[in-house]
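Visitor: Give me coordinates for this.
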Amino acid sequence: MQIIRIVYNCNTGEAKPRLTKDYHELPDTLQMDCLIDAIYDLEDIRKELHDRMYPKNEVKNDELN
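Guide: This is a model prediction of the structure:
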């Protein structure tokens, strides 16, 4: 089941999440769980990309927070 899509707008240079009908049909507790899981996974992807773009000897993830 697809519950979230990320749509990139070339004109604005922004990516935004779009919640699907399936997401809105879930109970609140499952919606919250899905959002927490997605945020966690996206943060891992962001950290991996950051480390590729900026090697560890230049800038560390810990310095971002």
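Visitor: pLDDT value on residue 56, please?
Guide: Here the pLDDT value assigned to residue 56 is 79.
Visitor: no no, residue 64
Guide: pLDDT for residue 64: 60.
Visitor: Number the residues from 754 up from this point.
Guide: Got it, first residue is 754 now, which makes that one residue 817.
Visitor: so where do the helices sit in this structure?
Guide: Listed in chain order, the helices of the chain (DSSP state H) span 774-778, 781-806.
Visitor: centroid residue for the protein?
Guide: residue 795 (3.4 Å; C-alpha atoms, centre = their mean).
Visitor: separation between that residue and residue 759?
Guide: Distance, residue 795 to residue 759, by C-beta to C-beta, to the nearest Å: 9 Å. C-beta here means a position set from N, CA and C on the backbone, and glycine is covered the same way.
Visitor: In this structure, where is pLDDT below threshold?
Guide: Counting by pLDDT under 70, the ranges of the chain that qualify are 811-818.
Visitor: how about the residue of it most remote from its centre, what does it touch?
Guide: Going by C-alpha atoms, centre = their mean, the residue of the chain most distant from its centre is residue 810, 25.6 Å out. With contacts defined as C-beta atoms under 8 Å, 6 or more residues apart in numbering, residue 810 has no neighbours.
Visitor: Can you report how many residues lie near the closest residue in space to residue 755 that isn't next to it in sequence?
Guide: Spatial nearest neighbour of residue 755, excluding adjacent residues (C-beta to C-beta, 6 or more residues apart in numbering): residue 773 at 5.7 Å. Using other C-beta atoms under 10 Å, residue 773 is surrounded by 12 other residues.
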